[in-house]
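**Q** What follows is a predicted structure for the sequence shown.
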Amino acid sequence: MLVLDGGDLFWKTARMSDKRLRQQRRKGALQLDVLTTSGIHAMVPGKGDLALGVDWLTERAKATGAPYTAANLMCDGAAPFPPSQTATVAGLDIRVVGLLSDEALMPRGCVVAPAGPALARALEDAPDADLVVVLSRLSLDDDIALAEAEPRIDLIVGGGSQTARPTPKLLGHNTARIELGTRGKKLGVTTVHWEPGATGFAVQGSVEELEKQLDRLKKRRASAADHLERTDDERSKERQQRRLDHYDKEIPRVEAELAAARSESSDPMHGIDFELQSLGPGVADHPATAEKVAQALADIEAMEAAAKSSGPLRGPFMGSGSCAGCHPAQTQQWKDTPHAKAWRTLVDQKRHVDLDCYGCHATGAFHPEGPAHPNQVGQLKGVGCESCHGPGRDHVRDPKTARMEVDPPEATCIQCHDGEQDEGRFDFESYRPKIVHTGVVSGAPTE
């Protein structure tokens, strides 16, 4: 099995605050330890990996043997990583080349050269490779152009997409492209059906899958168009228009892929299947890895316990306990929702000091005067009343004048239900009825 990582393993953007850096480096060290111990053949650094520091990353790669490759990256006039990695799997000699996007923001002193010439140089000493794989941080359009220009590419592994699809794309010269999602919630598993003498790929079962995909896209476009026509809300109009623009771009691409998949070739072709396997609770933890994770969590907890903070806030947030006096029925209804138990889930998993996690499990963390560190959460544990209705201190002082947000908009929800952390499950229209207080009476109605 060839094991690859498509980048942005440690972080998702090119910038990182100083307060987060130490914790994120501890997580990164854990990830590299586990991957290199388990066996990984090639990795490409994304902008989020380089955000931890080029020096730190190169030192950790050297210490762990992490097989990074970046053919078009230069930092302070030198290449921090080799242009390619080699592997032998199932008797095949495989050359893996990592390519970064020149549109991505890089650390100071680092520049990204054009991908095509860099790839050609990386393949100069690989004339007899059975399989050439590109670990690409480029856009789909750039990958298409790369495949058209370089016939030696067999497979492109695209990293960084939030909407990875289980159907491989066929590009120029019958180059196959698979797309990996972000945040490590799924494992992309590719099966190559090797055909001796073949010079390209044919996607197994692609026609049926693409037909289903095209049908789904057209139905979703029709739904978005219908919602756009019926709504008067400007925010909703903007959202539906974004959906339409997305579908209008995707539908022609899928139609082109379907046409290519339907065309038959008499030449022998390799086959390729791709599936995304969920890494949820149904997958048992690896005991040795679980021990390493537990140690990292303990290290992070000790690290953050010693971190300086101003302690619990005395800002505009009061905590849900301040709402119960006037709104007891609503408070009781809230207590029966997962929102009320959000902080407890972090404590149970020992992630309550995790800077990646606490903000969506505490009240007010996205507000400029809300808790900026887990040590400041205090009485704001859980997704409380003020998470949806806004800061309550002024309302408590003068309920008639300082009004709360009675009907929170979708924009409030998607700060956490952002389509990535919840893997796209969140739907405002179906989720909202599960938490609203409609029908709960306590003094004046709340809806």
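**A** Here it is on my side, so go on.

**Q** in the protein, what secondary structure element scores lowest on mean pLDDT?
**A** In the chain, no helix or strand scores lower on mean pLDDT, DSSP states H and E than strand 201-203, which sits at a mean of 76.

**Q** List the buried residues of the very next helix or strand once past it.
**A** As assigned by DSSP states H and E, the chain's next helix or strand after strand 201-203 is helix 206-230. Residues of helix 206-230 classed as buried: 206, 209-210, 213-214, 217, 220-221, 224, 227-228 (neighbour count, 16 or more other C-beta atoms under 10 Å). In short, each C-beta sits where N, CA and C put it, glycine included.

**Q** now stretch 331-346
**A** Residues of stretch 331-346 classed as buried: 331, 333-334, 339-340, 342-343, 346 (neighbour count, 16+ other C-beta under 10 Å).

**Q** same check, this time on stretch 118-136
**A** Using 16+ other C-beta under 10 Å as the burial criterion, the residues of stretch 118-136 that qualify are 118-119, 122-123, 129, 131-136.

**Q** and the two most separated of those?
**A** Using C-beta to C-beta, the buried residues of stretch 118-136 reach their maximum pairwise distance at Ala118 and Leu131, which is 19.3 Å.

**Q** Dump the buried residues of helix 206-230 into TSV; add distance to Arg403 and pLDDT as well.
**A** Shown next, in TSV, are the buried residues of helix 206-230 (distance: C-beta to C-beta, whole Å; pLDDT from 0 to 100):
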residue	distance to Arg403	pLDDT
Ser206	56	63
Glu209	51	74
Leu210	52	77
Gln213	46	81
Leu214	48	88
Leu217	42	88
Arg220	37	87
Arg221	39	90
Ala224	33	85
His227	29	83
Leu228	31	86
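
**Q** could the residues you listed go into JSON lines alongside distance to His41?
**A** Putting those into JSON lines (distance: C-beta to C-beta, whole Å) gives the following:
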{"residue": "Ser206", "distance to His41": "26"}
{"residue": "Glu209", "distance to His41": "27"}
{"residue": "Leu210", "distance to His41": "30"}
{"residue": "Gln213", "distance to His41": "30"}
{"residue": "Leu214", "distance to His41": "34"}
{"residue": "Leu217", "distance to His41": "34"}
{"residue": "Arg220", "distance to His41": "37"}
{"residue": "Arg221", "distance to His41": "40"}
{"residue": "Ala224", "distance to His41": "41"}
{"residue": "His227", "distance to His41": "46"}
{"residue": "Leu228", "distance to His41": "47"}
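
**Q** related to what we said a few turns ago, ok, so of the buried residues of stretch 118-136, who is nearest Ala149?
**A** Leu119 (8.9 Å).

**Q** That closest one belongs to a helix, doesn't it?
**A** Yes - counting by DSSP: H, G, I helix; E, B strand; the rest coil, Leu119 is part of a helix.

**Q** mind listing what it touches?
**A** Neighbouring residues of Leu119 by C-beta atoms under 8 Å, 6 or more residues apart in numbering: 71-72, 97, 99, 134, 146, 150, 153.

**Q** hmm, try it at 6 Å
**A** By C-beta atoms under 6 Å, 6 or more residues apart in numbering, the contact list for Leu119 reads 97, 150.

**Q** Tell me the pLDDT of it.
**A** Among the per-residue scores, Leu119 holds a pLDDT of 97.

**Q** do you know how far it is from Gln349?
**A** 42 Å (C-beta to C-beta, to the nearest Å).

**Q** How about Val111?
**A** Per C-beta to C-beta, Val111 is found 40 Å from Gln349.

**Q** likewise Glu250?
**A** Distance from Glu250 to Gln349, by C-beta to C-beta: 36 Å.

**Q** between the two, who's got more neighbours?
**A** Glu250 (17 against 11; other C-beta atoms under 10 Å).

**Q** what helix or strand does Arg95 sit in?
**A** Per DSSP H and E: Arg95 is located in strand 92-99.

**Q** The helix or strand just after that strand packs against which elements?
**A** Downstream of strand 92-99, the first helix or strand assigned by DSSP H and E is strand 110-112. Packing partners of strand 110-112 (3 or more C-beta pairs under 6 Å, 6 or more residues apart in numbering; DSSP states H and E): strand 73-75.

**Q** for the strand it packs on, the distance to its chain's centre please.
**A** Averaging C-alpha positions (C-alpha atoms, centre = their mean, to the nearest Å) puts strand 73-75 25 Å from its chain's average.

**Q** following that strand, which helix or strand shows up next?
**A** strand 84-89.

**Q** Partner strands of the strand holding Arg95 and their direction?
**A** strand 84-89 (antiparallel), strand 131-136 (parallel) (DSSP bridges).

**Q** outside of that strand, which residues touch it?
**A** 42, 44, 69-72, 84-87, 115, 119, 122, 126, 129-136.

**Q** and the end-to-end length of stretch 362-373?
**A** 10 Å (C-alpha to C-alpha, to the nearest Å).

**Q** again with stretch 57-77
**A** 17 Å.

**Q** Name the residues of stretch 34-47 that come out as buried.
**A** 34-36, 40-47.

**Q** who touches that stretch?
**A** Contacts for stretch 34-47 (C-beta under 6 Å, 6+ apart): 2-5, 7-8, 14, 64-70, 85, 87, 96, 98, 104, 135, 137, 289.
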